[in-house]
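K.L.:
model the structure of this input:
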Amino acid sequence: MMDEREEDDEEEAWLQLRPVEPLPSQCCGSGCCPCVFDLYHRDLARWEAARASRDRSLLRGKESQSCPSKLNPETFLAFCISTMDKLTKDTYRVRFALPGNSQLGLWPGQHLILRGIVDGLEIQRAYTPISPVNAEGYFEVLIKCYQTGLMSRYVESWRAGDTAFWRGPFGGFFYKPNQLLGTPALILQYGELLMLAAGTGLAPMVPILHSITDNADDETFVTLVGCFKTFEGIYLKTFLQEQAHFWNIRTFFVLSQETSLEQLPWSYREKTRFGRLAQDLIEELVGSCRRKPFALVCGSTEFTKDMARCLLRAGLAEDSYFLF
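P.N.:
Got it, this is the predicted structure:
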């Protein structure tokens, strides 16, 4: 039997083991599952059960019994930064090393959660790798930094050789190719993908494009619309130009702060509009699709809501688009 002092010490020891509730800044806000709050409630239930039975072995989850070596939605893993390329004044393409010739193991368009610590505050944000899903030995992400962003301060402190922590994968869109199974049989998953991307919302579209154009048997048509402020602000120009050379890929651009076609290279003049992506252009794009379109939308919250509304007015059903 424990005396009263021993019971107090035991109770204090259990309280020190109690999981700490996450701060709002630790939630990336992308709707991933499990969220940091899901993990907290799971660990809290485990702690309460262990405390009730006075059995600390119950605190050990299956994932803690061995050192994780593969990407996991619940556990952050360390990855070394290989290179940081500054694409624009505020956007970086960052490459992370993978062991040997291993692959990250994502479906095209899935995202990861990055953890950072700034001024003692833990923050988490979602980013989508832009590297091909079959890339060996590395993965790349596109990250835009903001003057007042905490994660931006963390990212801008990175140097080659530093370590960053990621968990995942997350995301509910799973791309499947349109495969020819011998003439004339065609398994049609999506008649045509209509990709509407604003800024770094281009990121989830990139690995999907890679997947389509790297597969000679994929019969999927794609119409990509990239929305940016200026021509100089267009990300991954070389990649997008290369993609537009494929028979089944079309690219268009909408620039909100440009006014003169003469200021653009010749190759961009016929496929660039000025202003904002609005209802009239959405209807034109939907009408010009070569097959029944399935739309993919990624950008700011305002952009995503606007595009969903425009797509519905253009005749698409709610199950005919996906919002990243």
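K.L.:
just for the stretch 201-324 of the chain, where's the confidence low?
P.N.:
Applying pLDDT under 70 to the stretch 201-324 of the chain flags no residue at all.
K.L.:
same check on the stretch 1-150 of the chain?
P.N.:
1-9, 13-14, 16-17, 19-20, 22-33, 36, 40, 47, 58-69.
K.L.:
let's see 50
P.N.:
Where the stretch 1-150 of the chain drops to pLDDT under 50, the residues are 62-69.
K.L.:
quick one, phi psi at Ile123?
P.N.:
phi -130, psi 150 (degrees, to the nearest 10).
K.L.:
beta partners of it?
P.N.:
For Ile123, the beta-bridge partners under DSSP bridges are Gly116.
K.L.:
check the one 4 residues further on too.
P.N.:
Taking DSSP bridges, one finds Leu112 as the beta-bridge partners of Tyr127.
K.L.:
that one and Val94, how far apart?
P.N.:
9 Å (CB to CB, to the nearest Å). (C-beta placed from N, C-alpha, C; glycine too.)
K.L.:
so what sits against both of the two?
P.N.:
Common neighbours of Tyr127 and Val94 are listed as Val141, Ile143 (criterion: CB atoms under 8 Å, 6 or more residues apart in numbering).
K.L.:
which residue ranges form the strands in this protein?
P.N.:
77-86, 91-97, 111-118, 121-127, 138-144, 163-170, 179-180, 186-187, 192-198, 221-228, 249-255, 272-274, 293-298, 321-323 (DSSP state E).
K.L.:
how about the ones you listed in CSV, adding distance to Lys237 and mean neighbour count?
P.N.:
Listed next are these as CSV, based on distance: least, CB to CB, whole Å; neighbours: other CB atoms under 10 Å:
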stretch, distance to Lys237, mean neighbour count
strand 77-86, 13, 14
strand 91-97, 12, 18
strand 111-118, 23, 20
strand 121-127, 20, 18
strand 138-144, 13, 21
strand 163-170, 26, 19
strand 179-180, 31, 14
strand 186-187, 33, 11
strand 192-198, 14, 26
strand 221-228, 10, 22
strand 249-255, 10, 20
strand 272-274, 12, 17
strand 293-298, 18, 24
strand 321-323, 26, 17
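K.L.:
adding distance to Met151, write those strands out as TSV.
P.N.:
Putting those into TSV (distance: least, CB to CB, whole Å) gives the following:
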stretch	distance to Met151
strand 77-86	15
strand 91-97	12
strand 111-118	5
strand 121-127	5
strand 138-144	8
strand 163-170	11
strand 179-180	39
strand 186-187	41
strand 192-198	19
strand 221-228	21
strand 249-255	27
strand 272-274	31
strand 293-298	18
strand 321-323	22
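K.L.:
my read: Tyr146 touches Arg153, true?
P.N.:
No: Tyr146 is beyond contact range of Arg153, at 9.5 Å (criterion: CB atoms under 8 Å).
K.L.:
the two: who's more crowded?
P.N.:
More crowded of Tyr146 and Arg153, by other CB atoms under 10 Å: Arg153, with 16 against 10.
K.L.:
for the more buried one, what are its contacts?
P.N.:
Counted by CB under 8 Å, 6+ apart, Arg153 has contacts Val118.
K.L.:
and the gap between it and Thr88?
P.N.:
18 Å.
K.L.:
nearest residue to the middle of the protein?
P.N.:
Note on the chain: the residue nearest the mean C-alpha position is Thr128, at 2.5 Å, using CA atoms, centre = their mean.
K.L.:
pretty sure that one sits against Pro108.
P.N.:
No: under the criterion of CB under 8 Å, Thr128 makes no contact with Pro108, lying 9.6 Å away.
K.L.:
now do His41 against Cys145, distance only.
P.N.:
In terms of CB to CB, His41 sits 32 Å off from Cys145.
K.L.:
er, Ala52 I mean
P.N.:
Applying CB to CB to Ala52 and Cys145 gives a distance of 47 Å.
K.L.:
ok, now Ala97?
P.N.:
22 Å.
K.L.:
likewise for Cys80?
P.N.:
On the measure of CB to CB, Cys80 and Cys145 end up 20 Å apart.
K.L.:
can you check Ala216 too?
P.N.:
38 Å.
K.L.:
the two: which has the busier surroundings?
P.N.:
Cys145 (16 against 6).
K.L.:
got a list of what the residue lying closest to the more buried one once chain neighbours are set aside touches?
P.N.:
In space, and not counting its chain neighbours, Cys145 is closest to Ser152: 3.7 Å by CB to CB, 6 or more residues apart in numbering. Applying CB under 8 Å, 6+ apart to Ser152 gives the contacts Lys144, Cys145, Tyr146.
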